[in-house]
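Trainee: Provided below are the primary sequence and the corresponding predicted coordinates.
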Amino acid sequence: MKGIILLLACFITVQLHAQTYDLVIRNGKIIDGSGNSWYYGDVGIKDGKIAAIGKLLETQGKRVILANGLIVAPGFIDVHTHIEGESLQTPTAPNFIFDGVTSVVTGNCGGSNLDMATYFRKLDSVKTSINVASLIGHNTVRRAVMGDLQRDPTPDEQIRMEGLVEKAMKEGAVGFSTGLIYVPGTYSKTPEVVGLAKASSKYNGVYASHIRDEGDHVTDAVNEAISIGREARMPVEISHFKVTYKPNWGRSVETLGLVEKARQDGIDVTVDQYPYIASSTTLDTTVPTWVFGGGRDSLKHRINDPIMRQKIKNEMVARLKEKQLKSYSYAVVSRYQPDTTLNGKNISEINTLKGRKSNPLEEAETILEMVGSTNRTQMVFFSMNEKDLERIMQYPFNMFASDAGIAKLGSGVPHPRAYGTNARVLGRYVHELKVIRLEEAIRRMTSLPAQKFNLHTRGLIREGMAADIVVFDEMTVGDAATFTNPHVYSKGFNYVMVNGEVVIDNGKLTGVRSGVVLKGPGWNP
């Protein structure tokens with residue numbers, strides 16, 4: 001009788017245990033994010049976390065996803081995004097979700113929300129489908145204190161800027177970002193940036209930099225970023241690592257050498273990259289930065305002065321020649337609000353449409369006309385070399401990042417990286433070209449960025465970690481977005497889970513918004 005009772009008790013215990021998981025992913029090829037090889041196994045999820053890994057009983061999940069032949073990996077972490085406004089307008093973030101991204105770091109290139117606490121409260125209120133972390137941006141802080149003035153800060157202004165950085169770190173920012181080609185950050189000198197970086201370093205922040213130059217002076221710019229990290233005693237992330245324009249093709253050997261040397265010297269330097277040979281930023285960057293000193297009103301005053309306008313155009317043409325370019329045909333309009341019919345056309349084509357002669361001076365005139373008519377014209381610039389791209393991709397301390405916002409389907413002609421970054425790495429560079437191993441690519445998309453940005457509960461398939469998980473077919477995964485047809489979601493992601501909730505179910509977006517705000521180590525609730 002005692003044996004029967006004991007057997008019955010064991011049976012009841014097993015049955016109770018069998019119902020403990022909200023979801024079981026069964027018989028997948030688990031790539032855990034560490035860089036180790038795949039293995040077959042099941043993953044049990046409960047209360048938004050990974051509760052068990054191994055061979056689980058048939059009855060242990062309220063729902064079971066059969067992952068036979070599919071890869072089960074941690075959700076991808078995109079460390080370089082710009083989602084500030086769009087996160088509230090399109091909280092489901094489908095272009096990221098369909099690319100396997102479950103967490104993003106925004107506030108890059110020196111641009112962020114200034115009031116981090118308010119931004120995070122809004123995110124908590126609206127709820128997003130992705131997890132969101134944010135940096136505090138240098139340009140945002142400088143503009144709040146100094147406007148667009150082209151000068152050094154006074155001691156009082158420096159103190160005020162450092163105070164704003166500290167405040168943001170206490171409110172949960174994960175670090176401090178710069179965009180040193182953009183106004184007003186481009187007017188700053190290194191000591192100013194070091195002071196602000198130190199304010200972030202106090203709270204274990206990361207220094208993420210869009211460096212001053214990615215062309216002729218790229219080594220100086222990389223060295224500056226490393227120097228700032230050294231002086232501020234903080235980790236460095238060099239954004240969208242590249243070398244641009246033909247005279248500099250091949251110099252990735254030099255720039256990667258600088259990063260590796262810094263790492264050997266004990267400085268935690270990493271980089272990120274998007275897998276395309278074209279970049280995307282504003283049309284303003286084709287105009288000398290001094291033209292914008294003092295703000296948009298000063299800009300208009302300068303370009304409306306005939307003598308000054310000619311000087312600006314001459315300088316633009318000289319810079320074009322330095323890049324060994326004969327025209328601005330490399331520059332394609334992504335979004336031009338005053339006339340959307342120009343979206344998708346390059347500057348040379350637009351210049352011809354305006355009835356001007358086909359030469360660089362006339363194209364510079366067309367650019368100034370466009371820059372003066374609106375605050376922001378988004379562009380795509382074809383300026384890189386495939387060999388540099390692949391060399392950088394093979395560097396083990398390089399992550400993959402889109403440098404994109406939440407795309408509005410059908411709006412403008414954006415860079416395809418907004419839709420296809422991770423899928424392109426997996427489909428083209430892993431499966432097709434075999435530039436890197438699948439397990440290594442996933443490590444760069446998961447545990448490496450989680451480690452870098454102190455996202456300690458993400459990036460690995462481990463018991464107790466947040467259940468951010470992607471399930472995809474390694475044979476069919478790939479990007480579908482192109483430069484001429486960018487509004488196409490990636491393919492091959494069967495299931496995506498964010499904090500244990502299914503946001504892509506059998507290839508379809510569910511609309512579930514289970515993302516959370518990911519706050520930095522300086523946050524004290």
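Mentor: Arrived safely.

Trainee: Report the central residue of this structure.
Mentor: H80 (1.9 Å; Cα atoms, centre = their mean).

Trainee: ok, that one - contacts?
Mentor: 105, 108, 208, 239-240, 272, 401-403 (Cβ atoms under 8 Å, 6 or more residues apart in numbering). (C-beta placed from N, C-alpha, C; glycine too.)

Trainee: JSON lines for these, including pLDDT, secondary structure and neighbour count?
Mentor: Converted to JSON lines, the contacts of H80 look like this (pLDDT from 0 to 100; DSSP: H, G, I helix; E, B strand; the rest coil; neighbours: other Cβ atoms under 10 Å):
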{"residue": "V105", "pLDDT": "98", "secondary structure": "strand", "neighbour count": "29"}
{"residue": "N108", "pLDDT": "98", "secondary structure": "coil", "neighbour count": "29"}
{"residue": "A208", "pLDDT": "98", "secondary structure": "strand", "neighbour count": "31"}
{"residue": "S239", "pLDDT": "98", "secondary structure": "coil", "neighbour count": "24"}
{"residue": "H240", "pLDDT": "98", "secondary structure": "coil", "neighbour count": "21"}
{"residue": "D272", "pLDDT": "98", "secondary structure": "strand", "neighbour count": "27"}
{"residue": "A401", "pLDDT": "98", "secondary structure": "coil", "neighbour count": "31"}
{"residue": "S402", "pLDDT": "98", "secondary structure": "coil", "neighbour count": "29"}
{"residue": "D403", "pLDDT": "98", "secondary structure": "coil", "neighbour count": "25"}
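
Trainee: L342: which of those residues is nearest?
Mentor: D403 (22.5 Å; Cβ to Cβ).

Trainee: What's the separation between that closest one and T341?
Mentor: Separation of D403 from T341 (Cβ to Cβ, to the nearest Å): 26 Å.

Trainee: Helices along the stretch 1-150 of the chain, start to end?
Mentor: For the stretch 1-150 of the chain, the helices defined by DSSP state H, counting those that start in this stretch occupy 2-18, 86-89, 94-97, 116-126, 138-146.

Trainee: again, but for the stretch 151-300 of the chain
Mentor: 155-170, 190-201, 218-232, 252-264, 296-303.

Trainee: Report the rounded mean pLDDT for the first one.
Mentor: Helix 155-170 comes out with an average pLDDT of 98.

Trainee: Can you give the contact residues for that helix?
Mentor: Residues from elsewhere that reach helix 155-170, judged by Cβ under 8 Å, 6+ apart: 112, 114, 116, 136, 141-142, 144-146, 153, 176, 192, 195-196, 198-200, 202-203, 205, 520, 522-524.

Trainee: now do 7 Å
Mentor: 114, 116, 136, 141-142, 144-146, 153, 176, 192, 195-196, 199-200, 202-203, 205, 520, 522-524 (Cβ atoms under 7 Å, 6 or more residues apart in numbering).

Trainee: For the stretch 51-200 of the chain, give me the ranges with low pLDDT.
Mentor: Applying pLDDT under 70 to the stretch 51-200 of the chain flags residues 58-59.

Trainee: give me that answer again for 80
Mentor: 58-60 (pLDDT under 80).

Trainee: Mind listing the residues bridging to I50?
Mentor: Judged by DSSP bridges, the bridge partners of I50 are I45.

Trainee: separation between the residue nearest to the centre of the chain and Y40?
Mentor: Per Cβ to Cβ, H80 is found 34 Å from Y40.

Trainee: likewise K323?
Mentor: 51 Å.

Trainee: hang on, G179 packs against Y187?
Mentor: No: contact criterion Cβ atoms under 7 Å: G179 and Y187 do not qualify, at 11.8 Å.

Trainee: between these two, which one's more packed in?
Mentor: G179 (24 against 21; other Cβ atoms under 10 Å).

Trainee: How many neighbouring residues does M475 have?
Mentor: Burial measure for M475: 12 neighbouring residues, criterion other Cβ under 10 Å.

Trainee: So of the contacts of H80, which two are at opposite extremes in space?
Mentor: A208 and S402 (14.4 Å).

Trainee: in stretch 442-459, what counts as buried?
Mentor: Buried positions in stretch 442-459, judged by neighbour count with 16 or more other Cβ atoms under 10 Å: 442-455, 457-459.

Trainee: Residues touching it, excluding its own?
Mentor: 31, 33-35, 73-74, 76-77, 79, 103, 105, 133, 174, 204, 206, 235, 237, 270, 398-400, 422, 460, 465-466, 468, 518, 520-521.

Trainee: From these, list the buried ones, please.
Mentor: Among these, the ones that count as buried by 16+ other Cβ under 10 Å are 31, 33-35, 73-74, 76-77, 79, 103, 105, 133, 174, 206, 235, 237, 270, 398-400, 422, 460, 465-466, 468, 518, 520.

Trainee: Which ones among these lie within strands?
Mentor: If you go by DSSP state E, the buried ones among the contacts of stretch 442-459 have 73-74, 76-77, 103, 105, 133, 206, 237, 270, 398-400 in strands.
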